[in-house]
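Chemist: Structure for the following, please:
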Amino acid sequence: MNETTGAELAAKLLHDVSDEHVRAATRLLGAHQDGFWLRRFTGDRELTNLVDRPLIGKTAGIDWEALTRLMRTPGWSRRASGGEIAVLEFAVSLVGDCAVNLRQVVHAVDDSELRLLLGALREAAHGPRAQDGGGSGPAVA
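Modeler: This next block holds a predicted model:
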């Protein structure tokens, strides 16, 4: 069994990444359900086959363009809950061309997921120090 945490998986994907939006979105995916989506991206061939390329490269991290394409593919989300889908869509919206309906997102997530989303949004806007209250944005309670 893989004992790597979701946060550790995210950290590996962020080596040499300086874009705060990518960093925030990747950390969100690592924190959500201990890396639920990051583990699926590496182990679910069905998702990979839907976009005809790996969602996580061996050396390059998450392929955000492929994820955007995946979410525009009918049936991609069959094996995920509404909250899981909302978290992924929110993460991809931080990085690229994926619009989300915030009303649908807030109705699909639970309180802990909402805190993760707000933290990622704050980090994308203000950098990683915003997570601990050290940035210019308010801390999430």
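Chemist: Only C-alpha atoms from now on, for both contacts and neighbour counts.
Modeler: Noted.
Chemist: Least confident secondary structure element in the chain?
Modeler: Every helix and strand in the chain was compared by mean pLDDT, DSSP states H and E; the lowest is strand 56-57, with a mean of 88.
Chemist: Off-centre distance for that one?
Modeler: Relative to its chain's centre, strand 56-57 lies at 14 Å (C-alpha atoms, centre = their mean, to the nearest Å).
Chemist: what's the answer for stretch 108-120, then?
Modeler: That offset, for stretch 108-120, works out to 12 Å (C-alpha atoms, centre = their mean).
Chemist: can you check stretch 7-27 too?
Modeler: Worked out by C-alpha atoms, centre = their mean, stretch 7-27 lies 10 Å from the chain centre.
Chemist: Stretch 75-92 now?
Modeler: The answer for stretch 75-92 is 10 Å, by C-alpha atoms, centre = their mean.
Chemist: ok, the residue sitting nearest the centre point of the chain - contacts?
Modeler: With distances taken as C-alpha atoms, centre = their mean, residue 29 lies nearest the centre of the chain, 3.5 Å away. Residues near residue 29 by C-alpha atoms under 8 Å, 6 or more residues apart in numbering: 6, 10, 35, 36, 37, 38, 87, 88, 91.
Chemist: Which secondary structure element is home to it?
Modeler: helix 20-31 (DSSP states H and E).
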